[in-house]
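S.K.: Could you work out the structure for the sequence below:
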Amino acid sequence: MRFVLALLRALLSIATAPLRMLGIGGQPMTPATIAAAAMHAELDEDGDDETEAHPLGELIRQWADRRRYGAQPGAPALAPLPPLVAAWLGGMDRSQLALVTMTPAAMLERHVAAGPDGQLKSSLGLVVPQPDVPALPANDDAPARTAGRVEPSLDEVLAELGYTPWLRYRG
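M.R.: Numbers count the residues shown, from 1 in each chain. Predicted coordinates for the structure are as follows:
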C-alpha cells in the first residue's frame, strides 16, 4: 500500500511540476518552509521594535547586571528605577538576575507594563504591588514567659496532651 501511495505522489508531483514552474499552485508545504515562513513573519513583527529605543528595559537590564556583579569602579551612576520595579528586582536571586540580563529590553518592558499578565511570569515572577499585610494584634491574654524558662520538650508536651510514648529511647 505504501508503494502505491508513493507512486501516486510521484506521478502527481511530475504532473504538477510545469504548473509550479509557472507559479501556479505554490510550493509544497514542508516543515522547513513552514518554519521559514514563521521566522519571516516574526522578524516582520519585531523588526519595528528593534529600531525603537526601550529605555526602561535597558535600565532594568543594567540594574540587574549591577545587582549581580556589583558596581564597577568608575561606572556611571544609573537612573533610579520605579519603586515597584526596584522591589521586583530586589526579590530575585542570581540566576533570575542572569536571566534578566539576557532578556531583550523590549520583552522586559512588555513584561513590566503587563503587570499580572506578564509573559515572563513563570521565570521572572510578576511585577505587581504586594499587598500590605497588617501585623497580628498582640495577644494580651497569653501567659507571660519568664526569661529563665526553657522550652518544654516533646515528651512534656505530649504528656500534657495525654499521649505517652510506648517505647522509650535508651541512650
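
S.K.: What distance do you get for Ala75 to Arg2?
M.R.: Ala75 is 66 Å from Arg2, where distance means CB to CB, to the nearest Å. To be clear about C-beta, it is placed using only N, CA and C from the backbone, and glycine gets the same treatment.

S.K.: do the same with Pro31
M.R.: In this view, Pro31 and Arg2 are 20 Å apart by CB to CB.

S.K.: same thing with Ala113?
M.R.: Spatial separation of Ala113 from Arg2 under the definition CB to CB is 54 Å.

S.K.: Which one's more surrounded, those two?
M.R.: Each of Ala113 and Arg2 has its neighbours counted (other CB atoms under 10 Å); Ala113 has more, 12 against 6.

S.K.: Remind me which helix or strand the more buried one belongs to.
M.R.: Per DSSP states H and E: Ala113 is located in helix 105-114.

S.K.: counting contacts, what elements does that helix pack onto?
M.R.: helix 31-51, helix 55-69 (3 or more CB pairs under 8 Å, 6 or more residues apart in numbering; DSSP states H and E).
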